[in-house]
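Undergrad: Give me a 3D structure for the following:
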Amino acid sequence: MPSCWMTSSTGFHQSGRMLLWLCAVLMVWVYSPIALSDDVVIPDGLIASPEPDWPQWRGPRRDGISEETGLLQSWPENGPPLLWQVDGLGRGWSSPIVVGDKVFITGDIDDDLVVWAFDHDGNVLWRTTNGASWQGSYDGARACGAYSEGRLYHLNAHGRLASLDADTGAEIWAVNILERFDAENITWAISENLLVDDSRIIVTPGGKGALMAALDKHTGETVWTTPPIEGEEASYASPILFAYSGRRLIATCSSRHGFGVDADTGELLWTVPMTNRYQVNASTPVYGNGSVFYVTSYAEDGRLYRLREDGNGMDAHHVWTVPVDTVTGAGILVDDMLYISGYQEHKWWFAFDWESGATVYEHKGLTTGAAIYADKRLYVLDEQGNAALLALTPDGFETTGQFELPATRLRRDAWAHPVLLNGRLYLRYHNTLWCYDVKR
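TA: Predicted coordinates:
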């Protein structure tokens with residue numbers, strides 16, 4: 001306390017105490033997170049994971065985009081140099097995630113869903129399991145893990161969500177989201193790649209107990225739920241997290257709808273129709289400039305919806321439709337251009353103008369597949385096992401490298417998404433993970 005406040009006068013003592021109290025109140029007001037939350041303007045756009053490297057599905061923002069530069073602008077005839085490969089992963093379409101000194105990946109072996117951690121030379125650091133493998137139609141592991149604060153989170157095909165110690169693989173807790181939220185498994189099994197939002201894990205059980213839910217990542221306890229939609233089930237898509245109009249939002253798909261919720265409360269804000277005869281909505285939505293792109297197969301193709309908010313809430317207004325019916329891949333939005341492949345009717349690659357939906361150019365040299373973007377190039381893996389490097393030019397896609405994965409008996413199901421980190425390109429086909437050097 002400043003010496004000028006120390007006086008024998010009762011009045012001054014009272015004034016000093018009052019001033020101290022006012023200072024304390026002011027400090028609480030200034031530093032209170034609640035007070036700050038009323039004033040902070042959340043910038044519009046995808047919200048990145050606070051974790052380093054490639055900690056989740058499709059990268060830091062779940063958009064398939066890497067900020068790396070200094071990469072090869074073309075590949076040798078047989079592809080970039082192979083650094084190492086790991087065999088024996090079992091069946092599965094899950095991509096790796098890479099954090100610090102570890103590469104995490106999953107696969108189905110016999111009766112188990114197996115989770116591995118490898119070092120950057122492909123050596124096994126640990127191996128554990130997360131429940132049973134999927135032995136139904138299209139047998140194999142589905143989802144990749146998500147890393148947060150020293151924990152690895154994974155959702156298996158039967159709805160078992162496990163929290164693992166990322167250094168040892170030891171299980172910390174587990175819960176079955178289908179049992180908790182009174183949901184049935186779906187035809188080709190739960191395939192959602194988990195989203196970690198601060199202290200919460202987002203899941204989409206699609207059951208009678210919840211359309212979507214947030215669980216405490218430390219305990220597995222339920223934090224909030226989005227009320228169910230009658231007749232709705234889970235589908236195969238994975239959510240994105242973004243900010244729009246000062247709100248934090250989550251967008252994903254269920255069996256018959258694309259939808260969006262408030263990330264902090266779970267309130268359902270909009271739904272859009274996405275009905276097809278198989279109830280397969282598998283492609284992750286794309287967000288940009290106040291609009292969300294959803295794509296469903298076999299029926300309604302790709303549609304862009306512009307978000308609108310008024311005094312009565314938020315809705316999604318249909319703007320344009322494009323002729324793609326993506327299933328296992330997902331779109332990439334770069335410089336107001338959407339890059340994506342079709343699946344059944346138009347089984348090749350497109351570039352669409354984000355504002356108008358106009359087809360800017362097409363590329364029929366590769367079939368349907370998945371891609372990531374880095375250093376002015378698309379890194380594509382199509383379902384036939386062709387890996388390609390595509391330059392994005394004003395005149396269209398230019399192939400600057402292509403090779404075929406050295407896999408035997410490839411069944412047109414190379415559906416694992418590529419991963420790129422620190423100049424290393426990771427490609428997976430079921431039993432094998434390859435790591436290539438793509439630094440310039």
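
Undergrad: from here on, contacts and neighbour counts on C-alpha atoms
TA: Will do.

Undergrad: quick one: low-confidence parts of the chain?
TA: Residues of the chain meeting the criterion pLDDT under 70: 1-39.

Undergrad: mind listing the helices in it by residue range?
TA: 10-31, 33-39, 177-180 (DSSP state H).

Undergrad: what are the C-alpha coordinates of the shortest one, in CSV please?
TA: What follows is helix 177-180, C-alpha atoms only, in CSV (Å, rounded to 0.1, in the frame of the first residue of the first chain):
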residue,chain,number,x,y,z
ILE,A,177,-20.9,-42.9,-27.3
LEU,A,178,-23.5,-45.1,-29.0
GLU,A,179,-24.5,-46.6,-25.6
ARG,A,180,-24.4,-43.3,-23.8
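
Undergrad: what does the domain assignment say about the chain?
TA: 1-40, 41-437 (automatic domain parsing).

Undergrad: So which of these is the most surrounded?
TA: Mean neighbours per residue, mean count of other CA atoms under 10 Å, is largest over those for domain 41-437, with a mean of 20.

Undergrad: centre of the chain versus that domain, how much separation?
TA: 5 Å (CA atoms, centre = their mean, to the nearest Å).

Undergrad: Endpoints of that domain, how far apart?
TA: Start and end residues of domain 41-437 are separated by 41 Å (CA to CA, to the nearest Å).

Undergrad: Please apply the same query to stretch 416-431.
TA: 12 Å.

Undergrad: contact partners of that stretch?
TA: Contact partners of stretch 416-431, identified using CA atoms under 8 Å, 6 or more residues apart in numbering, comprise 53-54, 58-59, 66, 68, 71, 87-98, 107, 329, 370-372, 379-381, 407, 414-415, 433-439.

Undergrad: and with 6 Å instead?
TA: 87-95, 370, 414, 433-439 (CA atoms under 6 Å, 6 or more residues apart in numbering).

Undergrad: and what of stretch 336-356?
TA: By CA under 6 Å, 6+ apart, stretch 336-356 touches 324-326, 331-332, 358-364, 366-368.

Undergrad: Next: stretch 81-88.
TA: 431, 432, 433, 434, 435, 436, 437.

Undergrad: For these, which two are the farthest from each other?
TA: For the contacts of stretch 81-88, the maximum inter-member distance is 20.4 Å, found between 431 and 437 (CA to CA).

Undergrad: picking up where we left off before, which among the contacts of stretch 336-356 gets closest to residue 76?
TA: Using CA to CA, the contacts of stretch 336-356 come closest to residue 76 at residue 366, 18.3 Å.

Undergrad: Would you mind listing the residues in contact with that closest one?
TA: Applying CA under 6 Å, 6+ apart to residue 366 gives the contacts residue 348.

Undergrad: same check, this time on the one 5 residues further on
TA: Residues near residue 371 by CA under 6 Å, 6+ apart: 379, 380.

Undergrad: My guess is residue 99 contacts residue 51. True?
TA: No. The criterion here is CA atoms under 6 Å, and residue 99 misses it with residue 51 at 8.1 Å.

Undergrad: Might you report the residue contacts of residue 435?
TA: 83, 84, 425, 426 are the contacts of residue 435 under CA under 6 Å, 6+ apart.

Undergrad: Is it bridged to anything, and to what?
TA: Beta-bridge partners for residue 435, by DSSP bridges, are residue 84, residue 426.

Undergrad: Please report the distance of it from residue 214.
TA: Residue 435 is 34 Å from residue 214, by CA to CA.

Undergrad: cool, and residue 287?
TA: On the measure of CA to CA, residue 287 and residue 214 end up 21 Å apart.

Undergrad: What of residue 138?
TA: 29 Å.

Undergrad: Same question for residue 110.
TA: 31 Å.

Undergrad: How about residue 380?
TA: Per CA to CA, residue 380 is found 33 Å from residue 214.

Undergrad: Also residue 415?
TA: From residue 415 to residue 214 the distance is 28 Å (CA to CA).

Undergrad: For the residue nearest to residue 202 when sequence neighbours are not counted, give me its contacts.
TA: Sequence neighbours aside, residue 214 is the residue nearest to residue 202 in space, at 4.6 Å (criterion: CA to CA, 6 or more residues apart in numbering). Residues near residue 214 by CA under 6 Å, 6+ apart: 200, 201, 202, 223, 224.

Undergrad: Could you rerun that using 8 Å?
TA: Neighbour list for residue 214: 200, 201, 202, 203, 222, 223, 224, 225, 266 [criterion: CA under 8 Å, 6+ apart].

Undergrad: and the last one, how far is that from residue 111?
TA: With distances defined as CA to CA, the gap from residue 266 to residue 111 amounts to 35 Å.

Undergrad: residue contacts, the residue lying closest to residue 96 once chain neighbours are set aside?
TA: Spatially, and ignoring its direct neighbours in sequence, residue 96 is nearest to residue 105 (4.6 Å; CA to CA, 6+ apart). Neighbouring residues of residue 105 by CA under 8 Å, 6+ apart: 94, 95, 96, 97, 115, 116, 117, 144, 145.

Undergrad: and what of residue 363?
TA: 348, 349, 350, 396, 397.

Undergrad: Roughly how far does the fourth one sit from residue 337?
TA: This points to residue 396. Going from residue 396 to residue 337 by CA to CA gives 12 Å.

Undergrad: same deal with the first one?
TA: Plainly put, residue 348 is 16 Å away from residue 337 if you go by CA to CA.

Undergrad: which non-adjacent residue is nearest residue 268?
TA: residue 261 (4.5 Å).

Undergrad: nope, residue 167 is what I meant
TA: residue 150 (7.3 Å).

Undergrad: Might one say that the one you found is in contact with residue 168?
TA: No. Counting by CA atoms under 8 Å, residue 150 stays clear of residue 168, with 10.2 Å between them.

Undergrad: ok, back up a step: can I get the contacts of residue 105 in JSON lines including distance to residue 306?
TA: Converted to JSON lines, the contacts of residue 105 look like this (distance: CA to CA, whole Å):
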{"residue": "94", "distance to residue 306": "31"}
{"residue": "95", "distance to residue 306": "31"}
{"residue": "96", "distance to residue 306": "33"}
{"residue": "97", "distance to residue 306": "32"}
{"residue": "115", "distance to residue 306": "39"}
{"residue": "116", "distance to residue 306": "41"}
{"residue": "117", "distance to residue 306": "41"}
{"residue": "144", "distance to residue 306": "30"}
{"residue": "145", "distance to residue 306": "31"}
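
Undergrad: between those, which is closest to residue 238?
TA: Residue 238 lies nearest to residue 144 out of those, by CA to CA, at 10.8 Å.

Undergrad: got the contact list for the closest one?
TA: Neighbours of residue 144 in contact, by CA under 8 Å, 6+ apart: 56, 57, 94, 95, 96, 97, 105, 106, 154, 193, 194.

Undergrad: so how far is residue 302 from the fifth one?
TA: The gap separating residue 96 from residue 302 is 27 Å, by CA to CA.

Undergrad: likewise the last one?
TA: For residue 194, the distance to residue 302 (CA to CA) stands at 23 Å.
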